[in-house]
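Student: can you look at this prediction? I've put the sequence above it.
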Amino acid sequence: MTGKLPIIAIVGPTACGKTHRGVALARHLDGEIVSADSRQVYRGMDIGTGKDLGEYGDIPYHLIDIAPAGYKYNLYEYLRDARKAIEEIRARGRMPIVVGGTGLYVESLLKGMNLAEVPYNTDLRHALEDKSLDELTAILSSMKRLHNTTDVDTAQRAVRAIEIEAYYAEHPDAAAAAKEPQPLDAIIIGIDIPREERRRLISERMRRRFDSENMLAEVEGLLASGINPDDLIYYGLEYKYLTLCITGRLSRADMEQELETAIHQFAKRQMTWFRGMERRGFHIDWLPYNLSNEEFCSRTASLIDTWKERNAK
């Protein structure tokens with residue numbers, strides 16, 4: 001499938017089965033997967049990010065295991081790498097299928113956002129290093145309108161967002177280019193899962209990662225390899241809480257309880273983002289999480305046919 005056909009994007013909250021659906025659809029449509037997960041880019045961070053590499057089989061995938069753990073991959077790099085992957089997939093005559101739950105990555109890619117490569121500003125970072133998250137949020141709010149809380153999830157993210165806005169203020173040409181998006185045609189499939197079922201699957205998956213997949217050993221190995229604990233904490237969720245436990249700042253029981261709560265809250269924020277995308281003009285076709293693969297692929301193929309009919313000249 002080539003030409004002017006849209007790309008496919010599969011989105012939804014954590015633990016809803018996006019990878020499984022993406023692989024099934026790739027087989028059905030002769031496609032390749034482009035990950036839209038902000039943590040699966042890191043090598044060695046496998047269990048906590050749910051890479052499930054065994055699921056892919058012979059299906060090619062992109063933007064997984066492309067950066068070392070400890071690195072801070074950013075949105076500029078994602079957009080650059082995802083566009084390159086999509087172009088190469090299309091050049092091979094195959095269907096690009098974007099799969100992931102990082103709403104900022106998905107939305108920015110589909111809306112065709114352009115970003116300049118913003119360098120680190122050492123002087124600015126030094127001036128901000130003692131600021132609280134509330135103070136950083138106030139500074140960023142004075143520089144731009146905050147449409148979501150992603151930029152201020154942590155002090156490090158807030159500093160980076162301030163750094164970017166300061167760069168744009170000093171480089172108006174880069175700021176102007178960033179405001180000229182080149183949207184991608186896309187069919188967005190949302191995995192619709194009831195809240196209680198989502199919570200059950202999250203809890204079961206977390207227990208499995210501790211009991212049989214040995215997620216704790218994965219984080220211990222990352223720390224033993226020389227990665228700074230603060231760098232792992234930066235990645236949030238599993239890597240944050242397990243690192244706090246391993247370094248003695250949380251008990252095992254408190255770590256597990258706080259981590260489970262954080263993952264449930266994260267899933268809720270993901271859904272808030274995707275519902276927000278709909279309010280911002282993106283159409284998402286929500287399909288039940290418990291469809292068979294055959295039915296999921298069939299319904300997606302029907303959506304593609306409808307898109308072709310609607311866009312036929």
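Tutor: Everything's here; your move.
Student: C-alpha from now on. contacts and neighbour counts both.
Tutor: Noted.
Student: which residues in the chain form helices?
Tutor: With DSSP state H, the ranges of helices along the chain come out as 18-29, 75-91, 103-110, 122-128, 133-143, 155-170, 172-178, 195-211, 215-224, 229-234, 237-246, 252-279, 293-311.
Student: quick check: mean pLDDT of the shortest one?
Tutor: Averaging pLDDT along helix 229-234 gives 94.
Student: what's the weakest-modelled helix or strand in this protein?
Tutor: Lowest on mean pLDDT, DSSP states H and E among the helices and strands of the chain sits helix 172-178, with a mean of 78.
Student: what count of nearby residues applies to the closest residue to residue 11 other than its chain neighbours?
Tutor: Spatial nearest neighbour of residue 11, excluding adjacent residues (Cα to Cα, 6 or more residues apart in numbering): residue 190 at 4.9 Å. Look at residue 190: counted by other Cα atoms under 10 Å, it has 22 neighbours.
Student: surely residue 190 meets residue 283?
Tutor: No - taking contacts as Cα atoms under 8 Å, residue 190 lies outside contact range of residue 283: 9.8 Å.
Student: pLDDT at the nearest residue to residue 220 once chain neighbours are set aside, what is it?
Tutor: Excluding the flanking residues, the one nearest residue 220 by Cα to Cα, 6+ apart is residue 246, at 7.3 Å. We have a pLDDT of 97 for residue 246.
Student: look at residue 246 and say how many residues are nearby.
Tutor: Residues near residue 246, counting by other Cα under 10 Å: 17.
Student: same thing with residue 50?
Tutor: 16.
Student: phi, psi of it?
Tutor: phi 70, psi 40 (degrees, to the nearest 10).
Student: how close does it sit to residue 62?
Tutor: The spacing between residue 50 and residue 62, counted by Cα to Cα, to the nearest Å, is 15 Å.
Student: again, but for residue 6
Tutor: Applying Cα to Cα to residue 6 and residue 62 gives a distance of 18 Å.
Student: where does this structure dip in pLDDT?
Tutor: Along the chain, the model assigns pLDDT under 70 to residues 1-4, 147-153, 179, 313.
Student: now do 80
Tutor: Applying pLDDT under 80 to the chain flags residues 1-4, 116, 145-154, 156-157, 174-180, 313.
Student: helices and strands around the longest strand along it, which ones?
Tutor: Ranked by number of residues, the top strand in the chain under DSSP state E is strand 186-192. Packing partners of strand 186-192 (3 or more Cα pairs under 8 Å, 6 or more residues apart in numbering; DSSP states H and E): strand 7-11, strand 284-288, helix 293-311.
Student: out of those, nearest to residue 178?
Tutor: strand 7-11 (22.2 Å; Cα to Cα).
Student: tell me what the closest one is packed against?
Tutor: Short answer (3+ Cα pairs under 8 Å, 6+ apart): strand 7-11 packs on helix 18-29, strand 95-99, strand 186-192.
Student: tell me how far residue 244 lies from residue 229.
Tutor: 8 Å.
Student: distance of residue 298 from residue 120?
Tutor: Counting by Cα to Cα - residue 298 and residue 120 are separated by 47 Å.
Student: actually, residue 224.
Tutor: 28 Å.
Student: mind listing what the residue nearest the centre of the chain touches?
Tutor: Residue closest to the average C-alpha location in the chain (Cα atoms, centre = their mean): residue 102, at 2.4 Å. By Cα atoms under 8 Å, 6 or more residues apart in numbering, the contact list for residue 102 reads 36, 37, 38, 270.
Student: can I get these in a markdown table with neighbour count and distance to residue 175?
Tutor: A markdown table is the format used below for the contacts of residue 102 (neighbours: other Cα atoms under 10 Å; distance: Cα to Cα, whole Å):
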| residue | neighbour count | distance to residue 175 |
| --- | --- | --- |
| 36 | 29 | 24 |
| 37 | 22 | 26 |
| 38 | 22 | 24 |
| 270 | 20 | 28 |
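Student: which one of those is nearest residue 93?
Tutor: Closest to residue 93, out of all of the contacts of residue 102 and judged by Cα to Cα, is residue 36, at 21.2 Å.
Student: so who does the closest one touch?
Tutor: Taking Cα under 8 Å, 6+ apart, one finds 63, 98, 99, 100, 101, 102, 105, 106 in contact with residue 36.
Student: gap between the residue nearest to residue 220 and residue 240?
Tutor: 10 Å.
Student: now residue 85
Tutor: Counting by Cα to Cα, the gap from residue 85 to residue 240 is 30 Å.
Student: excluding its backbone neighbours, what's nearest residue 146?
Tutor: residue 140 (7.9 Å).
Student: I'd say that neighbour and residue 163 touch.
Tutor: No - counting by Cα under 8 Å, residue 140 stays clear of residue 163, with 9.4 Å between them.
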